[in-house]
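Peer 1: Please work out how this folds:
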Amino acid sequence: MLFSSIVFLFYFLPIVFLLYYALSFSRMLQNILLLLASLVFYAWGEPKYVFLMIGSILLNSGMGWLVQRWKGKKQKAALAVTIVLNVAVLFVFKYLGFVLKNFGITDTPVSNLPLPIGISFFTFQALSYVVDVYWGRTKAENPFYVGLYISFFPQLIAGPIIQYNTVSDQIRNRKSSFDKIAIGLSRFTVGLGKKVLLSNCFAAIADNVFQWSAIGTDKVPVPAMLAWLGSIAYTLQIYFDFSAYSDMAIGLALCFGFKFGENFNYPYIAESVSDFWKRWHISLTDWFREYVYFPLGGSRVNNQDYMVRNMFLVWLLTGIWHGANWTFIFWGLYYFVFQLAERFFEYPKKMKSSFLKHFYTLMVVNAGWVVFRADDLYQAGRFFLNMMGLNSNGFYSDTAVMLIRENWVFLLAGIIFSMPVARNMNEMLYKKPESVANKVCTVLYPVGMLLLLIISVSYLASGTYNPFIYFNF
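Peer 2: Sure thing, here's the model as predicted:
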């Protein structure tokens, strides 16, 4: 079930919301409702895979209890079994077909298994829970609480990835208020607008340009101008798509009294590749740092070779996590090379011009998204040749001019809102609560949110929406 769907907006969410607050007299009943609603939410699009979700809940809650009870070798063995089983399930559904294909095996029943939506996200949450129990960061819980943590529908299928110790107290003792509901609904509406009005517009441009490039130069020429427009459109699309989901997830959670950490912090204003990854998909970066990089020794090792190894493994796994394709593996190692170079040569820091730092980072990120979006490495290479005008396609494109003319408002809005313009304006108004501008905005803000909701829903009613990109991961 998509957040940006009529079924969710006008049936599922209102029913769950009203029932939830009708049960305000009992936190236990509210939690039971949220767990059942989350399982229904997942089963809506994946009926058979809801049992995989339930199995993950029972497995990890049970192993968490054993890890806490046992000590010594038995405890380590229980943790190892948990990791192996979780990774094995993820491997079978997400990577086995890819591995078999690379060995020329394509006609087996397991070669084309449908990918359970959000399996990478809820598997990582389940793993972090058991590891945290092993480290003593949290105590083992009963399957009911673990189930709500793993399956909670706002962040179930595309994050952000939450650690159990950040919500364990909230599950039992969270407090709801009108202010939280109002802020949560506003945050959800902003995310809905980002998805429906901006991301989907950029998707239409990017999808067409990448498809034209894949068809071939002899049939559909893609001049450099059009290729650059396609790459920029995808760069904007994936940001507004994924950050929109995070906004909606954080907003929905707040409506039910939960507070989640931010998952994006304006990554396109970064001044280095390392800075970009402190701002992009923050919860995933934190997960790999906490559960892979630090346990391997991180950068606090006497031998720099170990630090390089640790970084290599983290970025290899980051690429693999995103999908079963050589493009994702290359993409992960691509970022490993740049971050390693920045660490050793410190070249972004040595640049005096902030503009050059931003430009360098955006060029690296944009090129990375081309690889990420391409069907395979060959098509990625062809797209780069188009961008450089080396496929005998020239530079100028009437099609690019037409697309810019038709979508310039959305492209301009995407560029503006990928920067902290709105946040800075809010901070300025907050510092001057008695100003006329603050009072006017206080009155107009709910009107603006209502209009944004109406416009977004009107776009949904016309059927102009795409599934979220990260549902595939």
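
Peer 1: can we go C-alpha only for contacts and neighbour counts from here?
Peer 2: Noted.

Peer 1: Could you report the distance from Val301 to Leu333?
Peer 2: 21 Å (CA to CA, to the nearest Å).

Peer 1: Check Val440 too.
Peer 2: As judged by CA to CA, Val440 and Leu333 stand 50 Å apart.

Peer 1: And Leu35, by the same measure?
Peer 2: Separation of Leu35 from Leu333 (CA to CA) stands at 38 Å.

Peer 1: thinking again about what came up before, so Val301 and Leu333 - more neighbours on which side?
Peer 2: Neighbours per residue (other CA atoms under 10 Å) separate Val301 from Leu333, with Leu333 holding more: 22 against 11.

Peer 1: List the residues that contact that one.
Peer 2: Leu333 makes contact with Phe312, Trp315, Leu316, Gly319 under the criterion CA atoms under 8 Å, 6 or more residues apart in numbering.

Peer 1: Please repeat the previous calculation with a cut-off of 6 Å.
Peer 2: Residues in contact with Leu333, defined by CA atoms under 6 Å, 6 or more residues apart in numbering, are Trp315, Leu316.

Peer 1: Then Ser283?
Peer 2: Neighbour list for Ser283: Pro160, Ile161, Asn263 [criterion: CA under 6 Å, 6+ apart].

Peer 1: Just the buried ones from the residues you listed?
Peer 2: Among these, those that count as buried by neighbour count (16 or more other CA atoms under 10 Å) are Pro160, Ile161, Asn263.

Peer 1: the helices in the stretch 351-473 of the chain, which residues?
Peer 2: 354-373, 377-387, 398-417, 421-431, 436-461 (DSSP state H, counting those that start in this stretch).

Peer 1: weakest of the ones you listed by average pLDDT?
Peer 2: Confidence, taken as mean pLDDT, is least for helix 421-431 of the helices of the stretch 351-473 of the chain (a mean of 79).

Peer 1: other SSEs contacting it?
Peer 2: Taking 3 or more CA pairs under 6 Å, 6 or more residues apart in numbering; DSSP states H and E as contact, there are no helices or strands that helix 421-431 lies on.

Peer 1: Distance from that helix to the middle of the chain?
Peer 2: The chain centre lies 26 Å from the centre of helix 421-431; the measure is CA atoms, centre = their mean, to the nearest Å.

Peer 1: What lies in contact with it?
Peer 2: Asn438.

Peer 1: Buried residues, that helix. List them.
Peer 2: Leu429.

Peer 1: try stretch 375-392
Peer 2: Residues 375, 377, 379-380, 382-389, 391 are the ones in stretch 375-392 that count as buried (16+ other CA under 10 Å).

Peer 1: Among those residues, which one lies nearest to Lys432?
Peer 2: Checking those against Lys432 by CA to CA gives Met387 as the nearest, at 46.9 Å.

Peer 1: who's in contact with the closest one?
Peer 2: Here Met387 is in contact with Ala224, Ala227, Trp228 (CA under 6 Å, 6+ apart).

Peer 1: so what's the last one closest to, chain neighbours aside?
Peer 2: What sits nearest to Trp228 in space, not counting adjacent residues and going by CA to CA, 6 or more residues apart in numbering, is Met387, at 5.8 Å.

Peer 1: residues in contact with stretch 48-60?
Peer 2: Ala43, Gly147.

Peer 1: With just CA atoms, put it into CSV.
Peer 2: The C-alpha trace of stretch 48-60 is given here as CSV (Å, rounded to 0.1, in the frame of the first residue of the first chain):
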residue,chain,number,x,y,z
LYS,A,48,1.8,-14.2,1.1
TYR,A,49,4.9,-12.3,2.4
VAL,A,50,3.2,-11.2,5.5
PHE,A,51,4.1,-14.6,6.9
LEU,A,52,7.7,-13.8,6.1
MET,A,53,7.3,-10.7,8.2
ILE,A,54,5.7,-12.6,11.1
GLY,A,55,8.5,-15.2,10.8
SER,A,56,11.1,-12.5,11.1
ILE,A,57,9.4,-11.1,14.2
LEU,A,58,9.2,-14.5,15.9
LEU,A,59,12.7,-15.5,14.9
ASN,A,60,14.4,-12.3,16.1
